[in-house]
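> Any chance you could fold what I've pasted below:
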Amino acid sequence: MTLVTIGAWDVPKLRSFYKRLGWKETDWSSDNYSVFKNAGCMFSIWSIDELSKDAETTIPSDPGFFRGVTLAINLETREQVDVVLSEAEAAGAHVNRPASDRFWGERSGCFVDPKNNAWKVAYNPNATFDEKGAMLK
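As a prediction, the model looks like this:
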């Protein structure tokens, strides 16, 4: 996977949220389409109207619904999970599952951004990363 695009009812609001998280935008970002650089995959935000036209699908009537997709931020240390969840909350996210240790060795928590896109923040002791921070396994 090289690019994940989410549809937004309010692109400038989500763009502002991810910038407050400290994510780095590309030069081709604008108020109508925003792209952020990440370790292994680009992340973009586009108008829900335009994205649904491009995908030739319908737009849900309720922007607060759960989309059945959770995006993930996998981290190299257990301690980073708490830090990232705190940063997300400070930037305007709602932490819906605080960080906790899971029985299989993971430490994780979840938040939703200001437009209800679900994110999992996790440390998995079995994960490995390359020199750029992209997850290898």
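> Tell me which stretches of this structure form strands.
With DSSP state E as the criterion, the chain has strands at 3-8, 24-25, 33-37, 42-47, 70-75, 94-101, 107-112, 118-123.
> out of the ones you listed, nearest to S16?
Nearest to S16 among the strands of the chain is strand 33-37; the distance by CB to CB comes to 9.5 Å. For every residue, glycine as well, the C-beta is placed using N, CA and C.
> ok, that closest one: who's next to it in the sheet?
Paired neighbours of strand 33-37 in the sheet (DSSP bridges): strand 24-25 (antiparallel), strand 42-47 (antiparallel).
> For V83, which of those strands is the nearest?
strand 24-25 (17.9 Å).
> what about the longest helix in this structure?
helix 78-91 (DSSP state H).
> Contacts only, for P63.
W9, I48, K115, N116 (CB atoms under 8 Å, 6 or more residues apart in numbering).
> Please report the number of neighbouring residues for the closest residue to R97 other than its chain neighbours.
Once flanking residues are discounted, R97 sits nearest to C110: 4.0 Å by CB to CB, 6 or more residues apart in numbering. The local packing of C110 (other CB atoms under 10 Å) involves 20 other residues.
> Any figure for the gap between C110 and W46?
Here the distance between C110 and W46 works out to 24 Å (CB to CB, to the nearest Å).
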